[in-house]
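**Q** here is my input; please provide its structure:
(chains A and B)
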Amino acid sequence: MKIMVCPLNGPRNISEFIYGGEVKAHPDRGSDAEWADYVFFEENAAGVVREWWYHAPTAYWFIAERNTVTEEIIRTYDAKELFKERVDFAPPPERGDG
Amino acid sequence: MSGAYRLPGPAGLLIDRETPVDFRFEGVRYAAFAGDTVASALAAHGVRTLSRSFKYHRPRGILSMAGHDANTLVTAGYMVNARAEKVVVSAGLEVRAQNYVGSLERDWAALLGRLGRFLPVGFYYKAFYSPKFLWPYWERLIRNLAGLGRVDLETPQGYFDKEYLFHDLIVVGGGPAGLSAALRAAKAGAEVVLVDENPVLGGSLNYARFGAEEGRAAKMREKLVAEVEAQANIRVMTSTFCQGWFIDNWFPLVRGNRLYKLRTKGAVVATGSYEQAIVFRNNDLPGVMFGSAAQRLIKLYGVKPGERAVVATAADDGYGVALDLLEAGVEVACVVDLRADPPETERTRALTHRHVPILVNATIREAVPGPQGKNVSGARIAKITEEGRSTAETDRFNCDLIAMVGGYHPQMSLLTQAGGRARYDPEGAIFRVDDLPESVVAAGSVNGSFALDAVIEEGSVAGWKAAKAIGLEAGRKPIEKADRKAPAPDYPWPIFPHPGGKDFVDFDEDLEVKDVLNAIAEGYEHIELQKRFSTLGMGPSQGRHSHLPAARLNARGRGALLDEAAITTLRWPISQIKIGHLAGRIFEPVRTTAIHHRHIERGAKMMVAGPWLRPEYYGPPATRTENIRKEVLNVRNNVGVIDVSTLGGLEVQGPDAAEFMNRMYTFAYLKQPIGRSRYVMMTDLGGVVADDGVTARFHKDHYYVTATTSGADAVYQTMLWYNAQWRLKVNVINVTASHAALNIAGPKSREVLAKVCGDIDLSKEAYPYMDVREGHIADIPARLLRIGFVGELGYEIHVPSGEGEALWDALFEAGAEFGIMPFGIEAQRLLRLEKGHIIISQDTDGLTTPQEADMTWAIAKKKPFYVGRQSVDIQAAKPLKRKLIGFELANEKEPAPLECHLTVRGEEIVGRVTSIGHSPTLGKTIGLAYVAPDQAEPGQLFEIKIEKGRIVKGRVVKLPFYDPDGARQEL
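**A** Alright, predicted model coming up:
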């Protein structure tokens, strides 16, 4: 079984972690097409990817950089490194019918 | 006694001559010694045929005597496909042979062997492909003929479990390399676990002959094992199979009925190698075995493998075998050496000295079967003319034993699983593994080293390397003095196809040389395709003895150099494993609430709800419907109590708590007054209804939120994920397990509460519907939420879980005079159905939008953002596809639908029934269902397809069914 190094808890069995998808920017006031892309599509890149992982026993989200070809976990770190600022949302534009 | 072929002591390392044991094979009683295996005990009695082969039903006997092949699969007691070479006899054990028609001795299906030329490679695919409708017939016939053991359906359940182990290093293989590796690593300070599949340590030292003089191996074994046993930081696990290498050095080990999950920092793989056959006609006859099998019989079990032997060898080790046979009293008719010019060694000289004829540049062309095709009775020996060819003229030597030493193939599964690359070395005529990760080190014959001194030194170096790789101060590299130039004892082409066939490459599947060549000729050139088309290597021995000849034949067959010989992927499990090992003990963990024992005392029928055990109803199962009906009516008319501790409880606190709530849920929370509660609904990114509950605002910066029983963990996880990105000043705590909660509901609930609550004014004016309070119930600190899931005056009371039972007791004591009764989830489902309240994930599914569930009232449309908003907006702008409605039956007398029965319009499916039940309050069947949007007006009829395809009609009813004005919950 693979070992992942949790930034909070150190090396733990991979079965303690839950995969949370690729790290993607949440679109604010984008088009419906951009939104659908955000919701439904993943890059599935062969190579180094940046992903959300969750250590379930301690309820801790963090980010892992992982090579999907070599199965190597390159680095794991707290989400603070990427998400430094408070995020706010603007109200969406009025939507016509259809 | 214990058999005519039993040698006098001290031969027989594993048997205890003081302890006789009787067992039965094919109904006949045999005497054996404790420590004997079924195969060794039968060999001692001269029983040669142990099974019949898979395809041609040829008689088969001992081949490897190591449990590495499929020749001796038997049914031992309840265990089918057990390896007779590994099953230790026990008193009264019943053993049966497998895979024969009639009797093991006279197997009618053996006539199939004569039809061999009509059963070419791939014949399943070709002969039975068409007409297709006949395939089930052929399949049954083939399965009956080709099956292995038959499972006894009365087999008692075994007990299997698992254990976790943690060591610095695993050393796999307790032979000379493994022993010295374990010692060196342990001396460097590593905590070592030394694993070997055999009952005693020593590996080849237990049976092989190194050099000319007998006894050297035994002395070396004694010394190494004593040192290992004296080393406190080596744990020895014998009779243990290491079944594979998994990433980050994780190993499944199997011993008895236990699976050990071992984690280490590194590994030394000293698994040794498999001895290989020489391919000639009838090389599968009982009495034809590996040289090492003959040696194991003699030295481990004190059994003489035959009376007169021919030894065929491609290496110097064959001469050691011949010497061992002579010493065991076996006459050696001759040694046949495949090599054109074998070097003179101390062992060849010893044999010459004893006047054993040595024939060089020669091979066995054919083994001669004895009467009835069983047992070998002689060997026809021919001169080798060129690679794989011999003269047609032969000399016949009578014998009842052929010992073959065809070379070695490394037992490299662990190495390739660890990332090593297997490569054929044409120089040494052997496979080697390169590109190993630093923490995995190979030593001994798996690494291509065979000379004893070199192997022991290499083990020591491997132990040192592994210790260094895992960060230990390992000291100086051990000095290597032994001559490492000794050539690998392998021979490039021990394959001699015979015009008459029966020159077996794979014994499991009865595959001959021509089968492999035909597979290539048919275009299955890639080694993996060749395997799948021909089934070579797919039998129980997993190619241990067929990979090497198949690789060689494959390379030549497609006209390539032997450099390009390749083997198929070596997967786990490396040895036999049982489903029981993988299943382990059957655990089904459930959570119980703090009030669990009170439910049991009151005769609750418990049921699994998500991860929890909850009361379904109270009372005897025989009166189930009546019990539930009484519980419902008591809530409507008096007062009832239900345990709702399983609801998720989340504390949302901080300066941004209101903003956070406003983003996570669809409703508006910024202006939610302190002391009020409000419904919460969460949609996911796709705009699907994901969860619901209630939030109570106790302070400007503090919300207490409930989540559904099954959704609590996911809601908590989702909240944390969003705030890892939003960075709001808010803290979320999951307090589900630290709270116990009861819902007291019914027109008399206020009166009951008033008796046990002193510090909250419960009057209608002071404490209206949807308000929340903090205070004490029977001196227990409590949060009260006046909400109405079941549609009556009611209070949800949340207390610390340790106080749950005290709260329950206080309410029942106070409520006795009002006829208080507990109610279970079945009653609650009916009560809320009467009110038309939906249950998320029962009345919704993975695609339900708020519009479909008629929940748009719970969406604040002017907010800038909530999770999934854009998806909700996109779907709201599209035409509705289905709608959740309340319904009754158009004709009460018709059979009622069940949950998940489909709602249809002609042939078209429009939705399904999500909830249905007979309402005790209304005296009729009511339900919730999805119908087409144009069928959703109250009064409209729609069709439901019930069991056996019958159609019944439902009539849409405006929700709620009961108390449409909500007067009762606002009493």
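
**Q** low-confidence ranges in the chain?
**A** No chain specified, so I'll use chain A. For chain A, residues meeting the criterion pLDDT under 70 lie at A:94-98.

**Q** other chain: chain B
**A** B:1, B:111-119, B:123-130, B:142-147, B:483-488.

**Q** would you mind listing what in it touches chain A?
**A** B:246-248, B:250, B:261, B:263, B:663, B:685-686, B:716-717, B:720-721, B:724-728, B:734, B:862-865, B:869-871, B:873-874, B:877-878 (CB under 8 Å from any CB of the partner chain). For the C-beta atoms, the positions are set from N, CA and C on the backbone; glycine is no exception.

**Q** and the residues you listed, which of them are buried?
**A** Using 16 or more other CB atoms under 10 Å in any protein chain shown as the burial test, the residues of chain B next to chain A include B:246, B:248, B:250, B:261, B:263, B:663, B:685-686, B:716-717, B:720-721, B:724-726, B:728, B:734, B:863, B:865, B:869-871, B:873-874 as buried.

**Q** narrow these to those in strands?
**A** The members of these that map onto strands under DSSP state E are B:250, B:261, B:263, B:734.

**Q** of these, closest to residue B:747?
**A** Nearest to residue B:747, judged by CB to CB, of these is residue B:734 at 34.7 Å.

**Q** what about the helices in chain A?
**A** A:32-40 (DSSP state H).

**Q** how about the residues of it by chain B?
**A** A:1-3, A:18, A:20, A:26, A:32, A:35, A:38-40, A:52, A:54, A:56, A:59-61, A:71, A:79, A:83-87, A:89-92, A:95, A:97-98.

**Q** of the buried ones among the residues of chain B next to chain A, which belong to helices?
**A** B:663, B:716-717, B:720-721, B:724-726, B:869-871, B:873-874.

**Q** the residue nearest the centre of chain B: what secondary structure?
**A** Against the mean C-alpha coordinate of chain B, by CA atoms, centre = their mean, the closest residue is residue B:582 at 4.2 Å. Taken by DSSP: H, G, I helix; E, B strand; the rest coil, the conformation at residue B:582 corresponds to helix.

**Q** same check, this time on residue B:505
**A** Going by three-state DSSP: residue B:505 is strand.

**Q** surely residue A:19 is in contact with residue A:53?
**A** Yes: contact criterion CB atoms under 8 Å: residue A:19 and residue A:53 qualify, at 6.3 Å.

**Q** out of those two, which sits in the more crowded spot?
**A** residue A:53 (22 against 11; other CB atoms under 10 Å in any protein chain shown).

**Q** tell me which residues touch the more buried one, please.
**A** A:4, A:17-20, A:61-64, A:76 (CB atoms under 8 Å, 6 or more residues apart in numbering or on different chains).

**Q** for residue B:78, same thing?
**A** B:152, B:155-156.

**Q** and the residues you listed as JSON lines, adding neighbour count and secondary structure?
**A** Below are the contacts of residue B:78 laid out as JSON lines (neighbours: other CB atoms under 10 Å in any protein chain shown; DSSP: H, G, I helix; E, B strand; the rest coil):
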{"residue": "B:152", "neighbour count": "12", "secondary structure": "coil"}
{"residue": "B:155", "neighbour count": "11", "secondary structure": "coil"}
{"residue": "B:156", "neighbour count": "7", "secondary structure": "coil"}
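
**Q** skip the chain neighbours and tell me the closest residue to residue B:357.
**A** Closest residue to residue B:357 apart from its sequence neighbours, by CB to CB, 6 or more residues apart in numbering or on different chains: residue B:334 at 4.3 Å.

**Q** could you do residue B:534 as well?
**A** Closest to residue B:534 by CB to CB, 6+ apart is residue B:519, at 4.3 Å.

**Q** element containing the one you found?
**A** helix B:513-521 (DSSP states H and E).

**Q** ok now that helix, how far from the chain's centre?
**A** Put simply, helix B:513-521 sits 35 Å off its chain's centre (CA atoms, centre = their mean, to the nearest Å).

**Q** buried members of the residues of chain A next to chain B into PyMOL, please.
**A** In PyMOL, a selection of the buried entries from the residues of chain A next to chain B looks like this (16+ other CB under 10 Å):
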select buried, chain A and resi 3+20+35+39+52+54+59+60+61+79+83
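
**Q** which of the residues of chain A next to chain B fall in strands?
**A** A:3, A:18, A:20, A:52, A:54, A:60-61.

**Q** now do the end-to-end distance for stretch B:948-965.
**A** The straight-line separation of the ends of stretch B:948-965 (CA to CA, to the nearest Å) is 40 Å.

**Q** return the set of buried residues in it.
**A** Neighbour-count burial for stretch B:948-965 flags B:952, B:954-957, B:959-963 (criterion: 16+ other CB under 10 Å).

**Q** quick one: contacts for residue B:207?
**A** Residue B:207 neighbours (CB under 8 Å, 6+ apart): B:292, B:295-296, B:298-300.

**Q** most neighbours among those residues, which one?
**A** residue B:296 (28 neighbours).

**Q** so is it in a helix, a strand, or just coil?
**A** helix.

**Q** in contact with it, which residues?
**A** So residue B:296 contacts B:65-66, B:207 (CB under 8 Å, 6+ apart).

**Q** how far off centre is stretch B:831-849?
**A** Using CA atoms, centre = their mean, the offset of stretch B:831-849 from its chain centre is 37 Å.

**Q** helix or strand for residue B:624, which one?
**A** Going by DSSP H and E, residue B:624 is in helix B:624-637.

**Q** that helix packs against which elements?
**A** strand B:612-618, strand B:821-822, helix B:825-835 (3 or more CB pairs under 8 Å, 6 or more residues apart in numbering or on different chains; DSSP states H and E).

**Q** the closest residue in space to residue B:432 that isn't next to it in sequence: neighbouring residues, count only.
**A** Computed as CB to CB, 6+ apart, the closest residue to residue B:432 that is not its neighbour in sequence is residue B:425, at 5.0 Å. Look at residue B:425: counted by other CB under 10 Å, it has 16 neighbours.
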